[in-house]
Each structure stands twice: as structure tokens, then as C-alpha cells.
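Student: Need a 3D model of the following:
(one chain, ligands or ions: 3)
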Amino acid sequence: MSHIGNSSHTYTDMVGARLSRRQALLGMVGATAVAAGTGVWSRVSQAAMGTLKFAELEKVYDQTHHVAPGYDANILIRWGDPLAEGVEFDPAAISADSQSKQFGYNCDFIGYMPLPVGSNNSEHGLLCVNNEYPDPHIMWSGLTEDDAATKASEDQIKAMMAAWGHTVVEIKKENGRWSYVQDSEYNRRINGYTEMTVSGPAAGHALLKTSADPSGIKVIGTGYNCAGGTTPWGTILTCEEGLSDTFGGDAANAANPELLDRYGYDGSDYYGFARVTERLHLDKEPNEPNRFDWVVEIDPYEPNAAPVKRTALGRFGHEGATTVVNKDGRVVVYLGDDDYFEYIYRFVTKGTFNPNDRAANKNLLDEGELSVAKFDADGTLTWLPLVHGQNGLTAENGFADQGELLVKTRLAADLLGATPMDRPEDVEASPVNGRVYAVMTKNAKRKPEQVDAANSRAENKYGHILEMSPPGEGKDADHAAASFKWDVFLLAGNPAKPEEGSAYNPGTTVNGWFAAPDNIAFDPRGRMWIATDGAPDFGIADGLYATETDGAGRALTRMFFACPTGSEVCGPCFTPDGKTLFVAVQHPAEDSETLDNPTTRWPDFADNLPPRPSVVAITQKEGLEIGA
Ligand code: FEO
Ligand code: CA
Ligand code: CA
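Tutor: Ligands and ions are numbered 1, 2, ... in the order given. Take a look at the predicted model:
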């Protein structure tokens, strides 16, 4: 992200003024020391490089993207590219109708789903991409970030509601180069107008019923779709990262001000959506917010299937939802709540994954146990169950049943004493060593007296990555265990500035350090690829860095890809053969005042075209695995 989506009141507290989704994520510099000294910039030894053989990209920050030598990084699909025949991208005529037939805005999470379903095809599949949020000030002339909410026309607002959500598009690789298939039967937009269903313990709950939907199981729309995940049965989990600032109305006069406040709903109506949508008024439709901030499951192979909001996975500012099949066959989902001082969660299904019957897994995510993480200074990680009736999660404390508990997940986690983290983003298990890595992007609001072992720096402007170890190793790891061990994997920041307190492998070069880690992905060999969101605060581009997790190259991060000005890189995603790496370049030129003078017109660089968030396909020039 760059996102101001969740808890806009929190951002307001930070500087006393409402911040844009981008501004809210900007951090600064400062801190302590670990990797200090002159040895930090030493050359990387061959042994330390381990299996990662690419020549590191030199730090660069300009109007275009850059990849390490020996690789191609080609644009695969851009905002506005037509998904159907007969739809052209006309920047002067962006509408809800056109956006519903075009690739969406601000690409984020990427899932690659092979065709045919169940195969490992690495050259033909479905690209499933989140479209997180609109940027009206660089979509249209005449708007700034500050006045778009009040000045955007009704047509522009409706276009924004159609531009976010999720895109499914068929892609194929021919003669070494990827392209998308226009008019494929699979091509699909899911957005603010898509009807979806609700399942799990909160489905049909009184807290989800509205005047338009007395059943409490039919919701119109999804939004702020940030990161996500894929399931072993071939579906996508897209995460709603907190729609708080897209609602209008008077929060103080709503029916449930305490709940609204805990989730940041303050009526700020950041994009003007409430101006054209009656149900988005907090004082008129008090339960409408409860129908958002969930994980939504999409079956990309069934273009007509309604997306399903899976309430068993909790309600909060969902960043990602990554799955692992546990050794006993149960499916474990790791989840982060991306906001200041929020928590890390885990869901364990009751049933087990059936690899031989896709349909049998359809509702696996509706039953199971959600828990929240408590990190102790002795290296113990305890998963605290969020189960109605246990540990004070009772009617007397405001949780009448499991459905209500899930609607109020954050309040339940507060009561259990979970550990408040420095904005948890992706949480993902290594497919090789079985350990789980949790990314904290940053938290400049942490005061010295709030420091703890797992969030060890006050005013953490740089972010860090924790390593969580279930009992057992590799495929024998028990991801459903009640407690894990945990350790610090790395502390981001500039090693040349000891006051920042960063900690990497001492072989990390002047090009290899970063700040504000966000999404991570593992390649088939278990090497970690780290995307950043906020590094320009430190004078460097956002980009993608790779590291080993074990051996001499552990936490030796190396720069692989750099973004154009104003953008972050999201959604790193490998094909099963490890030979293609897809990345989403989100919000290029977001650092512009207006579209009249954009900082870049990436990727087209044409005067009549705006900057366009795009997915880039990276391949090695000789067809080798990425990083080989
Ligand atoms: Fe949308 Fe947490 O970044
Ligand atoms: Ca982010
Ligand atoms: Ca993110």
C-alpha cells in the first residue's frame, strides 16, 4: 500500500491533520546500532551468496523501473488495458462501465493460477491481481489529493469504485514472452459493485443485517484489496485492508461508536464514495461497516461464482492470508492486521485438505480456530484462541456468540492481551525450512516505553522481519501447535547509520539494505524475496530484495528490482518453475501534486497517457530460474 485506508483517525492522531493514503505511510529516519562499523559494506563473498547468483542492482531512483543485469522486466498488463473486445483505454472517458471491463487500478497482490486447474503449467495460467485503491489526483486532471473527496464528479467517484477490487486475466508465455488474452472466458473484474456472499460464523448475524439485506449474507462490493494468498485447492484469498475512511456520515451518532472507533470508521469519506452511495453513511446504516474488512475467497476458474466473505478468518485490516497444508492435513492461514499496534493472527481449519476432490475443500475455511499471537521476551510465541466462551470472551464482555466475536475481532484480541506489533504486513511460511516469516513495515508511533522484544525499536521508521518457528522442521513443522519459538530475522534501515539500529548479515552491501518491508514471497527453492513500500523516505527507490533464510547468506539482502518514482512494488509471485517473477508496480507518480505535472508517465511515457499501475513479468535472459 501506501494506504491510508484503515483507521484514518489513527493517522489523524499522528500529525493532527487528515493524511492521504500515501502520506499516512510515509516514515522518516533515526535509531540505534547493530551492524555498525566499516565492515558493513564489504564485498559479498561467494560463500555468502549461497544459491543466489544474480549480480546485484545498484541503487537507482528515477522515472522508470530497473532490474538486475541479465534479466528482462516487461510490462504485462496496465491499468485500463481492455479485458474484453471492443473496450479501449481512453483517459478522457474513464467510467464505471469501462473500468468494469479493464484491468483495475493500483495492482497489489498477485496470484498465478495455472491452466488447466490443478496443473503446474508455468507458461499458461490466470493472473489474479488485487487492485487496492484509486488515486484520483493522477487519474484525472483538476483534482488534488486534498480536494478529490469533495470535487470529484459523481461519474468519477463511480469509476473509482469500479477501478478497485480484483482482476482475473488469462495470460500465456510464447517465445519467452508473456502476454494477456483479451476476451478470455476467465477474464473478470470484481469491484465495488460485485455481489458477494458471506459465510462462516458471522454469516446472517444481526450485526451484518442492513435495510437492503435483511439476510445478512449478501454484500455489494469489496475494496482496499491489499495483499492476499492462494489456497491449495486453487482459489484466491483477497484481503480487505480496512474500509474505514471510505464511509461517510456521523460516526458519533451511529449505533455502535465504540466498535466504529476501534476500526477507525470516522465518516471521513476519503474518496467521496458516500456522496453517491447511501448505505455508506455510518449514521444511516450502522451495520454496513461490519460487512467489510474480511478475507474474500474467489474461485478464478469459475467466472460466474460469487466471491465469498469468509468470516471465520476474522475482521480487521487484513494485509495478507497465506496458507500452508499442515502435516496432519489441516490448512493453516497466517494473517496480519496492517495498522499501528495491531496483531498477527492464525487460522487452523477443523477439516483437512482433500487433494483429490477440489469441491470437497470448498467450505474448508468456514470452520476452525482463529487465534492471535503473543510474543514473549524468552522467545516463546503463544497462539491465544479467539473462541467464544473461553478466557473472558463471553456475553458479559460484549461477545454474545462467535459471530459477534468475529465482527469485533480486534476487541477480542485486545482482551486476550495479544502483542501490539509495528504494522504487520505479510506473514508467510517458507516451503523449505517450515519456518514462518512475519513482516512489520514500520511504526514511528511506538514510544520508548512501548518497546518490547518483538518490536525492539522506539520510533521504528524502518520495519523488521520476525522468524516464527513451529515445532518440527520443513514438512514436519506443526503449524497448528499452540506455541512456537520466535526470533528476529532482520531489522531494516541503513547500516551506515548506526543510530538506525539495523541488523542484517554483515555482508550486506550499500545496495542491499532497505526500509519499510511489506510483501514477501518465497521462490521454489525457499529463498525470500522482499518488496518494500516507503523506502523513498530514505532517498532510495522502493524495490525487491532477495535473501537466503539459512546458511552463510542468511539475512544477506540483495537488490534485484527498483520501482519508478512515487511507486511501491507489491505482490511478488513466482510461476511454479521459478522462471518467471511477476511484480505489481503500484501508484507510479503518486508523489505528484496533480496529473498536470506528473513525476513520471511510466510505463508509456506518452504525453496523452497518465501514469499507469502495471504488472511486470521478469524473466532471466537465458531462460534460467530467477536468482539462479
Ligand atoms: Fe495495503 Fe498493508 O499495505
Ligand atoms: Ca504497505
Ligand atoms: Ca501491502
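Student: what is the mean pLDDT for stretch 491-503?
Tutor: For stretch 491-503, the mean per-residue pLDDT is 97.
Student: what does stretch 384-393 give?
Tutor: Mean pLDDT, stretch 384-393: 98.
Student: Buried residues, that stretch. List them.
Tutor: Residues 384-386, 388, 393 are the ones in stretch 384-393 that count as buried (16 or more other C-beta atoms under 10 Å). Quick note: C-beta positions are derived from backbone N, CA and C, even for glycine.
Student: cool, and stretch 84-97?
Tutor: Using 16+ other C-beta under 10 Å as the burial criterion, the residues of stretch 84-97 that qualify are 87, 89, 94, 96.
Student: Please report how far the last one lies from residue 419.
Tutor: With distances taken as C-beta to C-beta, to the nearest Å, residue 96 is found 42 Å from residue 419.
Student: before we move on, the earlier item: now narrow the buried residues of stretch 384-393 to whatever sits close to ligand 3.
Tutor: For ligand 3, no contacts are drawn from the buried residues of stretch 384-393 by C-beta under 5 Å from the ion.
Student: which of these lies closest to ligand 3?
Tutor: Of all the buried residues of stretch 384-393, the one with the least separation from ligand 3 (C-beta to the ion) is residue 386, at 23.4 Å.
Student: OK, contacts around the closest one?
Tutor: Going by C-beta atoms under 8 Å, 6 or more residues apart in numbering, residue 386 touches 314, 345, 369-372, 393, 405-406, 409, 412-413, 416.
Student: Can you tell me which of these comes closest to residue 445?
Tutor: Using C-beta to C-beta, the shortest approach to residue 445 within the contacts of residue 386 belongs to residue 413, at 18.5 Å.
Student: quick one: the closest one is in a helix?
Tutor: Yes - the assignment for residue 413 (DSSP: H, G, I helix; E, B strand; the rest coil) places it in a helix.
Student: my guess is it meets residue 373, correct?
Tutor: No - under the criterion of C-beta atoms under 8 Å, residue 413 makes no contact with residue 373, lying 9.2 Å away.
Student: Quote the end-to-end distance of stretch 470-479.
Tutor: Across stretch 470-479, the terminal residues are separated by 6 Å (C-alpha to C-alpha, to the nearest Å).
Student: And for stretch 161-177?
Tutor: 32 Å.
Student: again with stretch 413-428
Tutor: By C-alpha to C-alpha, the extent of stretch 413-428 from end to end equals 21 Å.
Student: That stretch and ligand 2, any residue contact?
Tutor: No - counting by C-beta under 5 Å from the ion, ligand 2 is not contacted by stretch 413-428; separation bottoms out at 5.5 Å.
Student: Just the buried residues of that stretch, please?
Tutor: 413, 415-416, 418-428.
Student: Need the three-state assignment for the residue in the stretch 501-628 of the chain positioned nearest to ligand 1.
Tutor: Using C-beta to the nearest ligand atom, residue 518 is the residue of the stretch 501-628 of the chain that sits closest to ligand 1, at 5.9 Å. Here residue 518 is recorded as strand under three-state DSSP.
Student: And the closest residue to it other than its chain neighbours, what's its pLDDT?
Tutor: Using C-beta to C-beta, 6 or more residues apart in numbering and skipping the chain neighbours, the partner closest in space to residue 518 is residue 533 (4.1 Å). For residue 533, the model assigns a pLDDT of 96.
Student: From ligand 2, how far off is residue 533?
Tutor: In this view, residue 533 and ligand 2 are 4 Å apart by C-beta to the ion, to the nearest Å.
Student: what about that residue, how many neighbours?
Tutor: Using other C-beta atoms under 10 Å, residue 533 is surrounded by 28 other residues.
Student: Use 265 as the first number from now on
Tutor: Right, with 265 as the first residue, what we last looked at is residue 797.
Student: Kindly list the main-chain dihedrals of it?
Tutor: Dihedral pair for residue 797: phi -140, psi 90, per degrees, to the nearest 10.
Student: Touching, it and residue 703? I think so.
Tutor: No - Residue 797 lies out of contact with residue 703 (C-beta under 8 Å); the separation is 10.2 Å.
Student: Just read off the phi/psi values of the residue nearest the centre of the chain.
Tutor: Compute the mean C-alpha point of the chain, and by C-alpha atoms, centre = their mean the closest residue is residue 491, 2.4 Å away. Dihedral pair for residue 491: phi -90, psi -160, per degrees, to the nearest 10.
Student: Pull the contacting residues for the closest residue in space to residue 641 that isn't next to it in sequence.
Tutor: Distances taken as C-beta to C-beta, 6+ apart place residue 717 nearest to residue 641, at 4.0 Å, with adjacent residues excluded. When contacts are counted by C-beta under 8 Å, 6+ apart, residue 717 touches 639-641.
Student: before we move on, what about residue 599?
Tutor: When contacts are counted by C-beta under 8 Å, 6+ apart, residue 599 touches 503, 559, 577-578, 582-585, 608-611, 691.
Student: Repeat that for residue 517.
Tutor: By C-beta under 8 Å, 6+ apart, the residues touching residue 517 are residue 547.
Student: Is the closest residue to residue 374 other than its chain neighbours in a helix, a strand, or coil?
Tutor: Among residues not flanking residue 374 along the chain, residue 835 sits closest, at 3.6 Å (C-beta to C-beta, 6+ apart). Here residue 835 is strand, with the state taken from three-state DSSP.
Student: For residue 815, the count of nearby residues, please.
Tutor: Neighbours of residue 815 (other C-beta under 10 Å): 11.
Student: which residues touch it?
Tutor: Going by C-beta under 8 Å, 6+ apart, residue 815 touches residue 314.
Student: Do a quick rundown of the helices in the chain.
Tutor: 272-279, 285-289, 310-313, 360-363, 400-403, 412-415, 418-427, 521-526, 537-540, 666-671, 673-680 (DSSP state H).
Student: Could you dump the ones you listed into a markdown table and include mean pLDDT?
Tutor: Below are the helices of the chain laid out as a markdown table (pLDDT from 0 to 100):
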| stretch | mean pLDDT |
| --- | --- |
| helix 272-279 | 30 |
| helix 285-289 | 41 |
| helix 310-313 | 53 |
| helix 360-363 | 96 |
| helix 400-403 | 97 |
| helix 412-415 | 91 |
| helix 418-427 | 98 |
| helix 521-526 | 96 |
| helix 537-540 | 97 |
| helix 666-671 | 98 |
| helix 673-680 | 98 |
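Student: Tabulate the ones you listed (a markdown table), appending distance to residue 886.
Tutor: Compiled in a markdown table, the helices of the chain are given as follows (distance: least, C-beta to C-beta, whole Å):
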| stretch | distance to residue 886 |
| --- | --- |
| helix 272-279 | 46 |
| helix 285-289 | 38 |
| helix 310-313 | 19 |
| helix 360-363 | 39 |
| helix 400-403 | 37 |
| helix 412-415 | 46 |
| helix 418-427 | 38 |
| helix 521-526 | 53 |
| helix 537-540 | 48 |
| helix 666-671 | 50 |
| helix 673-680 | 48 |
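Student: Which among the ones you listed is found nearest to ligand 3?
Tutor: With C-beta to the ion as the measure, helix 285-289 is the member of those nearest ligand 3 (9.3 Å).
Student: Now do residue 591: how many residues are near it, please.
Tutor: Using other C-beta under 10 Å, residue 591 is surrounded by 16 other residues.
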